[in-house]
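S.K.: pasted the sequence and its predicted model underneath.
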Amino acid sequence: MTHLESEICSRLLLAHYGQIVSTVGSHLIRTGAQPLRLIATDTGTPIDQVKKALCVLIHHNFGAYRLHKRGHVEYEAQGPQVLRLLRFPRYIYCAKTLYGDTGELIVEELLQNGKMHMSSALRRVTERLHEASTDSESVELGEAGETFVRLVETHFLHKCGLVPEPAVAPGARPPPAPTLLTDEKDMYTLPDLSILAQGKRRRRGSGDSEQPQAKRSRHQPAEHEPPPDDGVYWQVNFERFHQHFRDQAIVAAVGSKLDQTSSEIVRTMLRMSEVTTSSSCSHTQPLSSNEIFRAFPAGYNLSKQVLDQYLTLLSDDPMEFVGKTGDSGGGMFVINLHRALAALACATVESVVQERFGSRSARIFRLLLRKRHLAQKQVEDFAMIPAKEAKEMMYRMLSENFISLQEIPKTPDHAPSRTFYLYTVNLQAAARMILQRCYKTVVNLIERREHETRENKRLLEKSQRIEAIMASMQATGAEELQLQEIEEMITAPEQQQLESLKHNVNMLDSSENQVDETIFILESYIATTRIEKEQPQKR
């Protein structure tokens, strides 16, 4: 990982899990895999605290362990997983959009806890929904379980690896590290909701007392019973969320380029193949025109003939998001995922060039993307820009590595008088450079938010104390005059300062989410280029 990525990981771990986890995680990101005692020695942290920090990292999928060939266990931190902390608000909002408040709370609980039993997660979700509900309607455990099953069916959640029963002979030493078995067929096996009723009956039947469970737990210690689904843990499938974000970006691009009906056709094709297509595939599964017509939403009233015309239009479009692979079934069509991501990344880089250098520089940049290689005089003629201005614009983009200069010598001595100098655009290099700048922007946003909070620490503590006092007084039935006196403890200038702080922090959070959208597009494009290099297309 680069220095900026390591710094972001350190700050995210510090903000979410504390200083010790941040110290251990940052050390492992910098140094790589290390045994337990070496981690404790290098970080100057007591070994017990290092163990707890490693447990937190492994439980939240930010760390891993492996057995060294010499017999000891090494631990490592997974930096790309830590960077996903930036995207947690998008995961939660996506779950809320697709599955409502219940889906939002399920995903939020799993993200906060890393791994959970289904029964524990659903019990926490129903408790939170009951606390937040103001009317007589409340969500039962079975209804939350149905939402959980829908999340598993669409692969947004999956099972964690299981630890097999150790087959150790009596008297023999157990293995130094357990091996997790992951069966891809069993990862999305639908959970059995009947265990929720068993756990519910067990909780109701435990003890003869009729008093509430909370009061009973204070007076007499309740027996710690394992959950009915003990040993089966669930976690969020980040790749499935990333696939959904990618699909949404493709649909939005088609809608902005063509029209709403075209984007809905592409959405239907992506929805039909969202579970059957791997995130690393270059295109979706082939779909016939008849299958797309049957799966298309009925509210659009689109005839089969018009649908075929739209599919022909999409397959002939220069963006090449949709490709035609055959004529059976009215025509077989696919979504070219890698090509779509390349087009999205190209549009992102073009937007950065236009905002940074102006519209005329963006015209030169698009010209180089289309023509691949051009000499200085050709750029001036094609872009219709005066020679002096074109040279200044190209030098500025060249100095900041948005474009590059390629030498083609006529003779082996590389004499300047006998050498062609052609300008070109390396889209991958430009995307990597902008990605690093996005990381630097995230670091600056985190620093600014910490500075704002630190500068107003006293005022924030005072506001929290007053809110706690008011909440306790409202719970005891205090009069309105008393509550008003408590509110007046914060003066008008302090209230204005608090509102300004809240506005600034909200703006910083919004900017961080917008930067993360750009990071996601560029990371996805760079990952596809890496996959294409590792798995060259068969011709």
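M.R.: That came in fine, so what should we check first?

S.K.: scan this structure for its longest helix.
M.R.: With secondary structure taken from DSSP state H, the chain has its longest helix at helix 492-534.

S.K.: helices of the stretch 51-200 of the chain, start to end?
M.R.: Ranges of helices within the stretch 51-200 of the chain are 79-83, 88-113, 118-132, 141-153, 194-205, based on DSSP state H, counting those that start in this stretch.

S.K.: so which of those helices is nearest Ala298?
M.R.: With CB to CB, the closest approach to Ala298 among these belongs to helix 88-113: 20.2 Å. C-betas here are computed from N, CA, C, even on glycine.

S.K.: and the helix or strand Gly25 falls within, what's its mean pLDDT?
M.R.: Taking DSSP states H and E as the definition, Gly25 sits inside helix 19-31. Rounded to a whole number, the mean pLDDT of helix 19-31 is 92.

S.K.: same for it, what does it pack against?
M.R.: In this structure, helix 19-31 makes packing contacts with helix 3-17, helix 36-43, helix 47-59, strand 73-77, helix 79-83, judged by 3 or more CB pairs under 8 Å, 6 or more residues apart in numbering; DSSP states H and E.

S.K.: can you tell me which of the ones you listed is nearest to Thr147?
M.R.: With CB to CB as the criterion, Thr147 lies closest to helix 47-59 of these, at 23.9 Å.

S.K.: the residue lying closest to Glu320 once chain neighbours are set aside: how many residues sit nearby?
M.R.: Computed as CB to CB, 6 or more residues apart in numbering, the closest residue to Glu320 that is not its neighbour in sequence is Arg339, at 5.3 Å. Arg339: 17 surrounding residues under other CB atoms under 10 Å.

S.K.: list the contacts of Arg339.
M.R.: Applying CB atoms under 8 Å, 6 or more residues apart in numbering to Arg339 gives the contacts 319-321.

S.K.: let's see if you can find the most crowded of these.
M.R.: Busiest of the contacts of Arg339 [other CB under 10 Å] is Phe321, holding 25 neighbours.

S.K.: returning to that earlier point: between helix 88-113 and the longest helix of the chain, find me the angle.
M.R.: Inter-element angle recorded for helix 492-534 and helix 88-113: 90 degrees (by axes from the mean of the first three to the mean of the last three CA atoms, to 10 degrees).

S.K.: if we can go back for a sec, make JSON lines from the contacts of Arg339 and add pLDDT to it.
M.R.: Formatted as JSON lines, the contacts of Arg339 follow (pLDDT from 0 to 100):
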{"residue": "Met319", "pLDDT": "81"}
{"residue": "Glu320", "pLDDT": "83"}
{"residue": "Phe321", "pLDDT": "87"}
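
S.K.: in helices only, show me those residues.
M.R.: For the contacts of Arg339, not one is inside helices, with DSSP H as the criterion.

S.K.: ok, of the residues you listed, which one's closest to Arg66?
M.R.: Phe321 (40.6 Å).

S.K.: TSV for the helices of the stretch 51-200 of the chain, including distance to Ser279?
M.R.: Putting the helices of the stretch 51-200 of the chain into TSV (distance: least, CB to CB, whole Å) gives the following:
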stretch	distance to Ser279
helix 79-83	14
helix 88-113	15
helix 118-132	24
helix 141-153	17
helix 194-205	31
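
S.K.: could these be laid out in JSON lines, adding mean neighbour count, distance to Pro228 and mean pLDDT?
M.R.: Shown next, in JSON lines, are these (neighbours: other CB atoms under 10 Å; distance: least, CB to CB, whole Å; pLDDT from 0 to 100):
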{"stretch": "helix 79-83", "mean neighbour count": "19", "distance to Pro228": "30", "mean pLDDT": "91"}
{"stretch": "helix 88-113", "mean neighbour count": "19", "distance to Pro228": "18", "mean pLDDT": "92"}
{"stretch": "helix 118-132", "mean neighbour count": "18", "distance to Pro228": "6", "mean pLDDT": "86"}
{"stretch": "helix 141-153", "mean neighbour count": "18", "distance to Pro228": "12", "mean pLDDT": "86"}
{"stretch": "helix 194-205", "mean neighbour count": "14", "distance to Pro228": "4", "mean pLDDT": "52"}
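
S.K.: out of these, nearest to Ile486?
M.R.: helix 118-132 (23.8 Å).

S.K.: can I get the closest one in PDB, CA atoms only?
M.R.: Once side chains and other backbone atoms are set aside, the C-alpha atoms of helix 118-132 remain, and they are given as PDB (Å, rounded to 0.1, in the frame of the first residue of the first chain):
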ATOM      1  CA  MET A 118     -28.500 -14.500  12.800                       C
ATOM      2  CA  SER A 119     -30.500 -14.800  16.000                       C
ATOM      3  CA  SER A 120     -28.400 -12.200  17.800                       C
ATOM      4  CA  ALA A 121     -28.500  -9.700  14.900                       C
ATOM      5  CA  LEU A 122     -32.300 -10.100  14.500                       C
ATOM      6  CA  ARG A 123     -32.900  -9.700  18.200                       C
ATOM      7  CA  ARG A 124     -30.900  -6.500  18.300                       C
ATOM      8  CA  VAL A 125     -32.700  -5.200  15.200                       C
ATOM      9  CA  THR A 126     -36.200  -5.900  16.600                       C
ATOM     10  CA  GLU A 127     -35.200  -4.200  19.900                       C
ATOM     11  CA  ARG A 128     -34.000  -1.100  18.100                       C
ATOM     12  CA  LEU A 129     -37.200  -1.000  16.000                       C
ATOM     13  CA  HIS A 130     -39.400  -1.300  19.100                       C
ATOM     14  CA  GLU A 131     -37.500   1.500  20.700                       C
ATOM     15  CA  ALA A 132     -37.900   3.800  17.700                       C
END
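
S.K.: Met118: which of the helices and strands packed on helix 19-31 is closest?
M.R.: Comparing the helices and strands packed on helix 19-31 against Met118 with CB to CB, the closest turns out to be helix 47-59 (16.6 Å).

S.K.: the inter-axis angle of that closest one versus helix 88-113?
M.R.: For helix 47-59 against helix 88-113, the angle by the same axes, to 10 degrees is 130 degrees.

S.K.: show me what helix 47-59 is packed up against.
M.R.: Contacts defined by 3+ CB pairs under 8 Å, 6+ apart place helix 47-59 against helix 19-31, helix 36-43, strand 63-67, strand 73-77.

S.K.: for Leu85, which of the ones you listed is the nearest?
M.R.: Evaluated with CB to CB, these place helix 19-31 nearest to Leu85, the distance being 11.2 Å.

S.K.: could I get the helices and strands packed on helix 19-31 as JSON lines with distance to Gly255?
M.R.: JSON lines is the format used below for these (distance: least, CB to CB, whole Å):
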{"stretch": "helix 3-17", "distance to Gly255": "32"}
{"stretch": "helix 36-43", "distance to Gly255": "50"}
{"stretch": "helix 47-59", "distance to Gly255": "41"}
{"stretch": "strand 73-77", "distance to Gly255": "40"}
{"stretch": "helix 79-83", "distance to Gly255": "29"}
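
S.K.: many thanks, have a good one.
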